[in-house]
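Visitor: Using only what follows, build the 3D model:
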Amino acid sequence: MSIALASALVPVLIIGGVLAARMPMRALAAYAAVIPFGSGVVIPGPVPPPFNTLSSLLGVVVSVSLAVDRLRREPGGGRGRSVPSVPVFLLFLSLTLASMLWSIDRTATAQSLVVLASLMLLFLLAATLQPTRQQLRELEVAVVVGGTATAVFGLWLLFTGSLIATDEAVPRFATAGGGGGVSDPNITAASLLLPLVLGLTAVFRSTAPRIRVAATIAAAVTASGIALTGSRGGVAAALVGSLIVVSIERRPRGLLPWLAGFAVVAAVILIVTASGVDERLTRSGTTGRSDIWKVGIKTCSSYCASGSGFGSFSAAYQRELLRSSDLTGYGLRSFKAHNIWLAMLVESGIPGLLLGFWGLWLIMTELARLPKRVRGPPTAAMVALLTSNLFLNNLSFKYFWMVLIYAVLTTRGVEDGRARGGVPPRTPAPMAASRF
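Guide: Coordinates of the predicted model:
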């Protein structure tokens, strides 16, 4: 049965990819819409996690479609200059692949590299696209719809008493986080940041009342979904992203209705979730992260020169904890770094940290050059993403690279508009959020 299902999926993926090559941006939009559901939609069969989810299946289809689309173009037929961060991320990928040679946990490194390489391939292929304003609108709308649907599912779980309790005995909303039914509330919160930023931007920029109401509802519901995860890092990142949108828009009159709506929804959520989510959000402390970070920093003397091997932080943590009697850690378990910079430093060494920082910095630099109204959503999403990853290390997760893809596509879309005369250098064109 499993072999038959796998055999049937192969031609489906190939045919789907070829058909999607005629409209790669729409295929990408469909993929972006299901990312927040993550491991919530698992496909039965022989495919191992984390590749046995609907989002992973769509990711393969999108990658095939982008590859076919790229091959169909004439050499040099792509408009616009190349993306500066692409060669840097290629160097980073090369370094992580090489780390397999000296990894202290080759099994974990091999598994992590398969995921990272597949996501980075999707990013590299998407970076060759030159989207129109309408295609960017469709992508943004898909992201908002997907995030809102995910949050609605969380609210449904709340009101039906179906939220699953974590090891802290606190019911928290979680869908994204891995395959095989594994989910993580913190990753779910992070995956909803881009939908929240785009929905909030639409509140400010929409001119039609019905669209503004729809955008307000979408943003409020998505914010509620983030609150339901009980992720303090996710809530902090959502606030940072929202503040950036507000600071760029600077429309107090448009801000007041959204703040009032958000306050009401947040109050209702906190009152209804008397089960402990509200207490967790207001709790002090790092929930063991500071102990993990101390051990991670202590491993630097052994691994920060060349790295312990991509994806091997857990092994480095356990080794250091066992040989250092002065460290208490947070238990001898398989912990991740819970900080993207610490993870890159320990796993990829100083060269990997510098390359990772350089690649992200180049994207932020490109966004800073965009017209003010255009750069708001991708900049807010990037900063919110990096804020959440001060408490996570999700370099090998779909939502992380989707934010980077959106930022790069926005940059390339504006460049194409300028080349066509559609976007004057000093007059930004309305983005998708302006029409939702």
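
Visitor: so where is this structure shaky, pLDDT-wise?
Guide: Applying pLDDT under 70 to the chain picks out residues 1-22, 39-40, 44-50, 73-81, 165-169, 176-182, 250-263, 265-288, 324-334, 415-436.

Visitor: other SSEs contacting the longest helix along the chain?
Guide: Scanning the chain for the longest helix, with DSSP state H as the assignment, gives helix 340-368. Secondary-structure packing of helix 340-368 (3 or more Cβ pairs under 8 Å, 6 or more residues apart in numbering; DSSP states H and E): helix 85-98, helix 289-298, helix 300-303, helix 313-323, helix 372-388, helix 398-420. All C-beta spots, glycine's among them, are computed from the backbone N, C-alpha and C.

Visitor: Buried ones in the last one, by neighbour count?
Guide: By that I understand helix 398-420. 398-417 (16 or more other Cβ atoms under 10 Å).

Visitor: next one: the fourth one
Guide: Of the residues in helix 313-323, those with enough neighbours to count as buried (16+ other Cβ under 10 Å) are Phe313, Ser314, Ala315, Ala316, Tyr317, Gln318, Arg319, Glu320, Leu321.

Visitor: List just the nearest of those residues to Pro131.
Guide: Phe313 (35.9 Å; Cβ to Cβ).

Visitor: Check the offset of stretch 29-45 from the chain's centre.
Guide: Chain-centre distance of stretch 29-45: 13 Å, with Cα atoms, centre = their mean, to the nearest Å.

Visitor: for stretch 107-127, same thing?
Guide: For stretch 107-127, the distance to the chain centre is 14 Å (Cα atoms, centre = their mean).

Visitor: what comes up buried for it?
Guide: Neighbour-count burial for stretch 107-127 flags 108-109, 111-113, 115-116, 118-127 (criterion: 16+ other Cβ under 10 Å).

Visitor: Show me the contact partners of that stretch.
Guide: Outside of stretch 107-127, the residues within contact range by Cβ atoms under 8 Å, 6 or more residues apart in numbering are 28, 50, 59, 62-63, 66-67, 70, 83, 85-86, 89-90, 93, 96-97, 99-100, 103, 309-312, 314-315, 395-398, 400-401, 404-405, 408-409, 412.

Visitor: Which of these are buried, as a ChimeraX select command?
Guide: The buried subset of these, as determined by 16+ other Cβ under 10 Å, is captured in ChimeraX by this line:
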select :28,50,59,62,63,66,67,70,83,85,86,89,93,96,99,103,309,310,311,312,314,315,395,396,397,398,400,401,404,405,408,409,412
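
Visitor: Hmm, Glu366 and Thr411 touching each other?
Guide: Yes - when contacts are counted by Cβ atoms under 8 Å, Thr411 is listed as touching Glu366 (4.8 Å).

Visitor: and for these two, which residues touch both?
Guide: The contact sets of Thr411 and Glu366 overlap at Val83 (Cβ under 8 Å, 6+ apart).

Visitor: Now do the same contact list for Arg210.
Guide: Counting by Cβ under 8 Å, 6+ apart, Arg210 has no contacts.

Visitor: Does the spatially closest residue to Val145 that is not a sequence neighbour lie in a helix or a strand, and which?
Guide: Distances taken as Cβ to Cβ, 6 or more residues apart in numbering place Ala33 nearest to Val145, at 6.0 Å, with adjacent residues excluded. For Ala33, the element it lies in under DSSP states H and E is helix 24-34.

Visitor: so how far is stretch 156-167 off the chain centroid?
Guide: Worked out by Cα atoms, centre = their mean, stretch 156-167 lies 24 Å from the chain centre.

Visitor: can you check stretch 99-111 too?
Guide: 24 Å.

Visitor: Need the distance between the two termini of it.
Guide: With Cα to Cα, to the nearest Å as the measure, stretch 99-111 spans 13 Å from end to end.

Visitor: So which other helices or strands are in contact with the helix holding Ala33?
Guide: Judged by 3+ Cβ pairs under 8 Å, 6+ apart, the packing partners of helix 24-34 are helix 54-72, helix 133-159, helix 398-420.

Visitor: Out of the ones you listed, which is closest to Ile244?
Guide: Between the helices and strands packed on helix 24-34, helix 398-420 lies closest to Ile244; by Cβ to Cβ that is 13.2 Å.

Visitor: and that closest one, what other elements does it pack with?
Guide: helix 24-34, helix 54-72, helix 106-126, helix 133-159, helix 185-191, helix 193-205, helix 340-368, helix 372-388.

Visitor: how about the residue nearest to Leu355 when sequence neighbours are not counted, what does it touch?
Guide: Excluding the flanking residues, the one nearest Leu355 by Cβ to Cβ, 6+ apart is Phe92, at 4.2 Å. Phe92 makes contact with Ser348, Gly352, Leu355, Gly356, Gly359, according to Cβ under 8 Å, 6+ apart.

Visitor: same thing but at 7 Å, please
Guide: Counting by Cβ atoms under 7 Å, 6 or more residues apart in numbering, Phe92 touches Gly352, Leu355, Gly356, Gly359.

Visitor: Just give the nearest non-adjacent residue to Ala202, would you?
Guide: Ala215 is the one closest to Ala202 (Cβ to Cβ, 6+ apart), at 3.6 Å.

Visitor: is it true that the one you found touches Thr201?
Guide: No - here Ala215 does not reach Thr201: they are 8.3 Å apart, not a contact under Cβ atoms under 7 Å.
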